[in-house]
Structures are given as structure tokens and as C-alpha cells.
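# sequence and predicted structure are below.
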Amino acid sequence: MSLPRWLGPAFWGAVAIAALWYLAGDLWRIGAERPYSGEPREPGYLGHVVTAAPLVLIAPLQFVGALRRARPGLHRALGQVFLGAAMLSGLFAIWLGATMPHEGTQLPLMLFGLVWIGFCAIAWQAARRRDFATHRAFAIRSFAIATSFLLLHLMQDWEDRLFWFLESPELRYASRGWLAFVLPLLAAEAYLGWWPAARRVFRGPRE
């Protein structure tokens, strides 16, 4: 049974709206709720948030096949903005991880930035070589990582229900950091490889 055509646009629209909501909240807290203390982490966090903001608007458009075919030049331009902004946001993430006061989230945030930059670099080079299958796969992986901050906020809002079995606030904080990094990667790999392979195994003809 095929899925309704409206389901994809509705899903990506909901992701974009939720992401923009949390980004606006982050920017409000940075600019209005707390004064600048002079710590170098604060402009780093601001840079990370600002460079991530265009991604939630651009990414859903990049996966619209009709737009890609009708306006290939626009697709390339938006893709370059997306990958460039993502790599900058990844660099800020590495800096934030290295200076994070919470030890449990230092490593996942630094790995997050390194892997994100690597995925973007592969997607960029694959597009230059016109290897569009590889480009698409790593663009999807890059966008999956870009949704980590949305997942992190959602887990924070639902912390008491999701982590009811963890009493330590520090352990909850560290768990959110790791899960926000790992779960989008698992979802991307499931979409790109595991689910198609499972369909072939369970639904394909027997030899």
C-alpha cells in the first residue's frame, strides 16, 4: 500500500515549523533573556544557531523531485548554501563541544561536528563529480544530523516521561546528548540501507 502524497510534505512542513520554533526560542534566549557575559562560548553558540537556521528551510525543498527537475540551478545554489552553512555550523559545534562544561556531552558534540562536516564534504565532492547517487545519500545523512538539535529540544521538553527511569540530572543530560546524535544517524541509515534490504529479504521472490 502506497502512502498518501500529502504525507511527505506534511511531515517536512511540521519538521520545519518545529525547528524554526526552537531556533527562534534559542535566539530569543541569547539576545534578550541573558546578558552577554564575555565568555567565548556564547558567540560560538550564537554562530552555531545562526548558521543552522537556513538549513531547516532549505533542506525540505532540496528533496522535492519536481523542483529539482524544473529548477536545477536553484537546486544547486540552495545545496551549496546548505552544505556551506552546515559545515560552518559543524565547526561551531566542535568548538562548543571542546569548551562544554558538562563532561558527558563534550565527546558527542565534537563527534557530531566532525561527522557532519565529513558528510557535507562527501556530498559536495560527489555533486562536483556528478555522482548523484552518492550525493543524495550523504545529503540525506547531513540533513538527518541537522535535525539533531530539534530532537534534543523535544527530548528536553519530554524529559520526565522519556527518562523517568534515570534519577540523575547529569545522566539525563548526557543521554540526551548521545541520543540526539545517534538516533538521526540510525534513522538515515535505516532509510538508505536497512529498510530496502529488509524489504528485499522479506518480500522478494525466493530462489
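On my side now, so go ahead. Numbers count the residues shown, from 1 in each chain.
# who's in contact with residue 107?
Applying Cβ atoms under 8 Å, 6 or more residues apart in numbering to residue 107 gives the contacts residue 97. In this view, the C-beta of every residue, glycine as well, is placed from N, C-alpha and C.
# for it, give its distance to residue 166.
Applying Cβ to Cβ, to the nearest Å, the value for residue 107 to residue 166 is 19 Å.
# next: residue 157.
16 Å.
# next one: residue 64
With Cβ to Cβ as the criterion, residue 64 and residue 166 are 40 Å apart.
# for the residue nearest the centre of the chain, which non-adjacent residue is closest in space?
Nearest to the geometric centre of the chain sits residue 146, at 1.5 Å (Cα atoms, centre = their mean). Spatially, and ignoring its direct neighbours in sequence, residue 146 is nearest to residue 55 (4.7 Å; Cβ to Cβ, 6 or more residues apart in numbering).
# what is the burial count for the spatially closest residue to residue 100 that is not a sequence neighbour?
In space, and not counting its chain neighbours, residue 100 is closest to residue 106: 4.7 Å by Cβ to Cβ, 6+ apart. Neighbourhood size, residue 106 [other Cβ atoms under 10 Å]: 17.
# wouldn't residue 106 be in contact with residue 97 here?
Yes - the criterion here is Cβ atoms under 8 Å, and residue 106 meets it with residue 97 at 5.2 Å.
# tabulate the CA atom coordinates of stretch 78-98 in PDB.
Extracted C-alpha coordinates of stretch 78-98, given in PDB (Å, rounded to 0.1, in the frame of the first residue of the first chain):
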ATOM      1  CA  LEU A  78      20.400  26.100  -2.400                       C
ATOM      2  CA  GLY A  79      22.500  23.000  -2.000                       C
ATOM      3  CA  GLN A  80      25.700  25.000  -1.900                       C
ATOM      4  CA  VAL A  81      24.200  27.300   0.800                       C
ATOM      5  CA  PHE A  82      23.000  24.300   2.800                       C
ATOM      6  CA  LEU A  83      26.300  22.400   2.700                       C
ATOM      7  CA  GLY A  84      28.400  25.500   3.400                       C
ATOM      8  CA  ALA A  85      26.200  26.600   6.300                       C
ATOM      9  CA  ALA A  86      26.200  23.100   7.700                       C
ATOM     10  CA  MET A  87      30.000  22.900   7.600                       C
ATOM     11  CA  LEU A  88      30.200  26.200   9.400                       C
ATOM     12  CA  SER A  89      27.700  25.000  12.000                       C
ATOM     13  CA  GLY A  90      29.700  21.800  12.400                       C
ATOM     14  CA  LEU A  91      32.800  23.800  13.100                       C
ATOM     15  CA  PHE A  92      31.000  25.800  15.800                       C
ATOM     16  CA  ALA A  93      29.700  22.500  17.200                       C
ATOM     17  CA  ILE A  94      33.300  21.200  17.600                       C
ATOM     18  CA  TRP A  95      34.300  24.400  19.400                       C
ATOM     19  CA  LEU A  96      31.300  24.200  21.700                       C
ATOM     20  CA  GLY A  97      32.000  20.500  22.400                       C
ATOM     21  CA  ALA A  98      35.600  21.200  23.300                       C
END
